[in-house]
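A.B. asks: give me a model of this one.
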Amino acid sequence: MDYQSPIPSKVTGVILWSRNLECSVDMYNKLLQLSPEQQERFGHLHIFHLPSGLDIMIDSNGMDTVPVPDKASPLFFMPATEIDKAASFVQELGFEIIYGGIHRNDAVSFFNMRDPDFNVITVCQNHR
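C.D. replies: Modelled structure (predicted):
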C-alpha cells in the first residue's frame, strides 16, 4: 500500500502549556532573550519566534484546572556552549534541573530542566 501524507515532514513550532502565562512568558523571555519584535501575544497564547524559524508557543487556555504531572519526557532540546554555566543560568531563572543533574560523557553533556508547569527541555553541549 502506498500512502501519501497530507502533512509535510517539518516541525514549525512547539507548544508549552502554562497555568500562569505572565510568569511563563517572563521565564522564557529571560531564557530566550528575544526582542519584542520576535514575539506576539494573542490573548492566552504567547509566541516566541526563534531565529531558526521555529516558534515556541506558550498556551494558557484552559490550563488552570489541569494538574501538573509528576514526570514528563523532554519536549525538545536546546544547545549550550558551556553546560555548567547553562545549568547555573537556568536555575537563576527559576527552572529546576531534574532527572539526576548534569550527565557527562565523551560526546555530550546534558541536563533536563523543567518549568513550574513541568514542561521538560533538554539542554545539551556537544563535545565533538
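A.B. asks: going by C-alpha atoms from here, please, whenever you check contacts or count neighbours.
C.D. replies: OK.
A.B. asks: just the strands in this structure please.
C.D. replies: 13-17, 39-42, 45-49, 55-59, 76-79, 96-104, 108-114, 120-126 (DSSP state E).
A.B. asks: how about the CA coordinates for the longest one, as PDB?
C.D. replies: When you say that, I think you mean strand 96-104. What follows is strand 96-104, C-alpha atoms only, in PDB (Å, rounded to 0.1, in the frame of the first residue of the first chain):
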ATOM      1  CA  GLU A  96      14.600  23.200  38.100                       C
ATOM      2  CA  ILE A  97      17.200  20.700  36.900                       C
ATOM      3  CA  ILE A  98      15.700  17.200  37.100                       C
ATOM      4  CA  TYR A  99      16.500  13.500  36.400                       C
ATOM      5  CA  GLY A 100      19.900  13.400  38.000                       C
ATOM      6  CA  GLY A 101      21.500  16.700  37.200                       C
ATOM      7  CA  ILE A 102      24.200  17.100  34.600                       C
ATOM      8  CA  HIS A 103      25.100  13.900  32.700                       C
ATOM      9  CA  ARG A 104      28.500  13.800  31.100                       C
END
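A.B. asks: so which bits of it are buried?
C.D. replies: E96, I97, I102 (16 or more other C-alpha atoms under 10 Å).
A.B. asks: make CSV out of those residues and add distance to L32.
C.D. replies: Shown next, in CSV, are the buried residues of strand 96-104 (distance: C-alpha to C-alpha, whole Å):
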residue, distance to L32
E96, 16
I97, 17
I102, 21
